[in-house]
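Asks: structure for this input, please:
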Amino acid sequence: MKPRHVLYALIICVPLMALAGEADVTDVKVRSSGDGTYHFDVTVRHADSGWDHYADQWQLLTHDGEVLATRTLHHPHVNEQPFTRSLTGVAIPPGVSQVRVRARDSLHGHGGREMVVQMPD
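Replies: A predicted model of the protein is given here:
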């Protein structure tokens with residue numbers, strides 16, 4: 001491939017990768033595990049385009065921004081959108097009645113749609 005063809009390909013592909021946007025949390029289900037911890041099912045939507053741009057994490061945070069738990073997503077989900085991943089054994093501090101859930105992608109970081117969920121009694 002000639003150098004100018006590589007340049008043309010980069011000019012076309014880089015903006016397209018950015019079009020995938022940020023990772024959005026679209027659904028959260030939380031339930032008590034019965035042992036003082038909780039189970040979270042989090043659904044994320046992101047236009048994963050491959051290893052260079054994909055949703056790579058979601059987090060649970062307090063209202064004040066303290067990270068309570070992180071679920072790392074180890075690979076792109078190009079053909080599985082939206083996708084749901086779980087995290088079990090999450091300890092929530094006493095007095096925390098709501099949890100913020102946010103996702104991150106490998107290009108933009110955090111910034112997509114977040115959700116706030118009420119903790120079950």
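Asks: Val44: helix or strand, and which one exactly?
Replies: Here Val44 sits within strand 37-45, counting by DSSP states H and E.
Asks: please apply the same query to Gly95.
Replies: Gly95 belongs to no helix or strand, assigned by DSSP H and E.
Asks: coming back round to it: so what are the sheet partners of the following helix or strand past the strand holding Val44 and their directions?
Replies: Remark: after strand 37-45, the chain's next helix or strand is strand 55-61, criterion DSSP H and E. Neighbouring strands of strand 55-61 in its sheet, by DSSP bridges, are strand 67-72 (antiparallel), strand 98-105 (antiparallel).
Asks: list the contacts of the helix or strand just after the first one.
Replies: Tracing the chain C-terminally past strand 67-72 and defining elements by DSSP H and E, one meets strand 83-91 next. With contacts defined as CB atoms under 8 Å, 6 or more residues apart in numbering, strand 83-91 is touched by 27, 33, 36-44, 58, 60, 68-69, 71, 73, 77. For every residue, glycine as well, the C-beta is placed using N, CA and C.
Asks: average pLDDT for strand 83-91?
Replies: The average pLDDT within strand 83-91 is 95.
Asks: mind saving the C-alpha coords of it as CSV?
Replies: Provided in CSV are the C-alpha atoms of strand 83-91 (Å, rounded to 0.1, in the frame of the first residue of the first chain):
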residue,chain,number,x,y,z
PHE,A,83,-24.9,-6.4,26.3
THR,A,84,-25.4,-7.3,30.0
ARG,A,85,-22.7,-8.3,32.4
SER,A,86,-23.0,-9.1,36.1
LEU,A,87,-21.0,-8.5,39.3
THR,A,88,-21.7,-10.3,42.5
GLY,A,89,-20.5,-9.9,46.1
VAL,A,90,-20.7,-6.1,46.1
ALA,A,91,-20.6,-4.6,49.6
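Asks: show me how far that strand is from its chain's centre.
Replies: Distance of strand 83-91 from its chain centroid, counting by CA atoms, centre = their mean, to the nearest Å, is 12 Å.
Asks: in it, what counts as buried?
Replies: Phe83, Arg85, Leu87, Val90 (16 or more other CB atoms under 10 Å).
Asks: from Ile92, how far off is Thr37?
Replies: In this view, Thr37 and Ile92 are 8 Å apart by CB to CB, to the nearest Å.
Asks: having no further points to raise, I will conclude here.
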